[in-house]
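**Q** any chance you could fold what I've pasted below:
(one chain, ligands or ions: 2)
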Amino acid sequence: MEKMDIHSWSRPDLLRVRHVELDLDVNFANRVLAGSAALHLDRISGDELILDTRGLAIRSVDNAASYELGAPDPILGAPLRVELLPGATWVRIHYSTSPQASGLQWLDPPQTAGKLHPFLYTQSQAIHARSWIPLQDTPAVRVTFDATIRVPNGLRAVMGAEMSDNRFRMPQPVPPYLIALAVGNLEFRALGERSGVYAEPPMIDAAAYEFADTEAMIGAVEAMYGPYRWGRYDLLVLPPSFPFGGMENPRLTFATPTVIAGDRSLVSLVAHELAHSWSGNLVTNATWSDFWLNEGFTVYVERRVLERLYGPARAAMEAVLGRRQLDAEMAGLREPDRILHIDLSGRDPDDGCTLVPYEKGALLLRTIEQAVGRERFDAFLRAYFDRFAFQSITTADFLDYIRRELPNPVPLDEWIFRPGIPAGATEPHSGAFERVESGWPTDTAAWSTQEWLHFLRSQDLPDMARLDREFHFTESRNSEILFQWLLMAVKAGYEPALPQVGPFLKSVGRRKFLKPIYIELMKTPEGQSMARAIYGEARAGYHPIARVTIDGIVG
Ligand code: BES
Ligand code: ZN
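**A** Ligands and ions are numbered 1, 2, ... in the order given. All right, here's what the predicted structure looks like:
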């Protein structure tokens, strides 16, 4: 096997880590995780084990002849080269993390819901696991793990794993980007037989209300694509600086509090992260160029869940919103970035995270579904999840498989290796949205969040004052609607809403909200000074991943 993941120093074709034993102290005062990771491995050839690290201080390596930390690469971090003893099948690395670790966010009490206790959480996708665990940080490698995590009194540690008082065990093999830990003042509330939610005490009631359909969602995916294979499915509500909407850590989805709208209108996020329990966590992209296998399949399954639970009209609205956003984003992308199988040479894999893998990927699957019929496509997907369960696959593996099972449904090479949307793509339609577009609305009492979003995005030359007077967008409590409105307000220079922009950008850290607003602000001189002033205050509270993004915009 060739070295195929360009985002890892490791050589899993020569030596393969199979199991990790973590033992870590969580030190909030120094913002450091310190302890050890024992790696159990299969030897295939040679004595040199190469691990990925970023910013780790290595204290010693047990059961090794020698070790050496190489020079750091700005994207990949530093290789840790360990010379194994003859025949040795494990090593133990004693290490500590850097306070600036890219995969950790350490929060002071004022940045939490409860304001009294600090909070720590990890975000390992795409290549940040290496900033808190030395390992073969490639999705081509899967490991089981167990962990002992020591935390200060009064705080609780949770991991995406089986848990019993600060001891953790993950019996199913997972890629490193799915290893996750959080520590805070957390309370738990059951949602169903095998599901529940963790949140800070002030958030727990609202979270339990919002996520009440979780158990039904698990049942919906199982009915279509086979058993949920991870035991429990719990959610963890993070503080607002979490840079993503959600992260599908196995057994424990991490979620932004901005989905807690009070009316369950944004729970497509739960459907999405849950769907990853099949597409992504069970069948995993082997490299980050194959990321569309994770996200495109997941968006497809997410919409199928919405359709089963809330009906075709709701699923159609989400599909149209996605299709429109895809076009809007693609217009600003370079041609090579409009390709599903993206070339990431010399780039950070986080750069590939546009709507292309998500929405173009889902559109491809939708188009295949239309071509072969839903029944055949569902049987195909179910068999695909079975065939590749607990494996990591490339786009070529997917192509081999589908060409055998469903010959020539659509021009796959064009879809996957060429930019843009091929002719013959299915076009999603929403009757509800056609009514939204049919003139100034008179009866909006029953409008959903999705209709409001479509309404706002359909305004070519928005009459901001009239919109605000009639519908009070500046006061919206729904994060998606408020985001859309503030983005339009910045674009239009709508003065009455501008005072809300600073508070919004300082209170949330979700990159999807931050990035477009900062980009829009930077287009005018007044906007630039506003962006700099806001960012100057907000930056310290953003996640390292979000800082990299916004540094690139505001400078
Ligand atoms: N796995 C992703 C988040 C991610 C992608 C983290 C790439 C790091 C690198 C997660 O499943 C996701 O797609 N989240 C979306 C929400 C979803 C409803 C589309 C997000 O965070 O916006
Ligand atoms: Zn996803």
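**Q** show me where the stretch 251-400 of the chain has its helices.
**A** Under the criterion DSSP state H, counting those that start in this stretch, the stretch 251-400 of the chain contains helices at 268-275, 291-310, 312-331, 355, 361-372, 374-387, 395-405.
**Q** which one of those lies nearest to Ala432?
**A** Taking Cβ to Cβ, helix 312-331 is the member of these nearest to Ala432, at 5.8 Å. The way it works is simple: take the backbone N, C-alpha and C, and place the C-beta from them, glycine included.
**Q** not counting the next helix or strand after that closest one itself, show me its contacts.
**A** Sequence-wise, the next helix or strand downstream of helix 312-331 (DSSP states H and E) is helix 355. The contact list for helix 355 (Cβ atoms under 8 Å, 6 or more residues apart in numbering) reads 322, 325-326, 329-330.
**Q** for ligand 1, which of the helices of the stretch 251-400 of the chain is the nearest?
**A** Among those, the nearest to ligand 1 by Cβ to the nearest ligand atom is helix 268-275 (3.8 Å).
**Q** could you give the separation of that closest one from the chain centroid?
**A** Its chain's C-alpha centre and that of helix 268-275 lie 11 Å apart, by Cα atoms, centre = their mean, to the nearest Å.
**Q** burial measure for Thr253, as a count.
**A** Residues lying near Thr253 (other Cβ atoms under 10 Å) number 26.
**Q** how many neighbours does the closest residue to it other than its chain neighbours have?
**A** Leaving out its chain neighbours, the residue that sits closest to Thr253 by Cβ to Cβ, 6 or more residues apart in numbering is Glu273, at 4.1 Å. Burial measure for Glu273: 26 neighbouring residues, criterion other Cβ under 10 Å.
**Q** the closest residue to Ser507 other than its chain neighbours in helix, strand or coil?
**A** The shortest distance from Ser507 to any non-neighbouring residue, by Cβ to Cβ, 6+ apart, is to Pro240 (5.9 Å). Classification of Pro240 using DSSP: H, G, I helix; E, B strand; the rest coil returns coil.
**Q** was I right to think Pro240 contacts Ile260?
**A** No: the criterion here is Cβ atoms under 8 Å, and Pro240 misses it with Ile260 at 10.4 Å.
**Q** center of the protein, which residue is that?
**A** For the chain, the residue nearest the mean C-alpha position is Met247 (4.0 Å; Cα atoms, centre = their mean).
**Q** quick one, phi psi at it?
**A** Note on Met247: its backbone torsions stand at phi -140, psi 130 [degrees, to the nearest 10].
**Q** beta partners of it?
**A** Phe254 (DSSP bridges).
**Q** need the contact list for it.
**A** 123, 125, 180, 253-255, 273.
**Q** where's it relative to Phe455, distance?
**A** According to Cβ to Cβ, to the nearest Å, Met247 and Phe455 sit 30 Å apart.
**Q** ok, Leu84 next?
**A** Leu84 is 62 Å from Phe455, by Cβ to Cβ.
**Q** Leu33: what secondary structure?
**A** strand.
**Q** so what's it bridging to?
**A** Beta bridges link Leu33 to Val26 when assigned by DSSP bridges.
**Q** ok, it touching Leu22?
**A** No: look at Leu33 against Leu22 with Cβ under 8 Å: they stay out of range, at 9.3 Å.
**Q** which bits of this structure sit near ligand 2?
**A** Residues of the chain lying close to ligand 2 (Cβ under 5 Å from the ion) are 295, 298.
**Q** okay, now the unreliable bits of the chain?
**A** For the chain, the stretches flagged by pLDDT under 70 are 1-3.
**Q** around ligand 1, pick out the residues from it.
**A** For the chain, the contact set with ligand 1 under Cβ under 6 Å from any ligand atom comprises 125-126, 244-248, 269, 272-273, 276, 295, 350, 353, 512.
**Q** distance of Ala540 from Gln100?
**A** Distance, Ala540 to Gln100, using Cβ to Cβ: 12 Å.
**Q** what about those two, which has more around it?
**A** Counted by other Cβ under 10 Å, Ala540 and Gln100 do not tie: Gln100 has more neighbours, with 13 against 9.
**Q** quick check: the more buried one is in a helix.
**A** No: going by three-state DSSP, the assignment for Gln100 is coil, not a helix.
**Q** okay, now the residue lying closest to it once chain neighbours are set aside: neighbour count?
**A** Closest residue to Gln100 apart from its sequence neighbours, by Cβ to Cβ, 6+ apart: Gly55 at 6.3 Å. Neighbour count for Gly55, taken as other Cβ under 10 Å: 19.
**Q** list the residues that contact Gly55.
**A** Residues in contact with Gly55, defined by Cβ under 8 Å, 6+ apart, are 77, 97-98, 100-102, 131.
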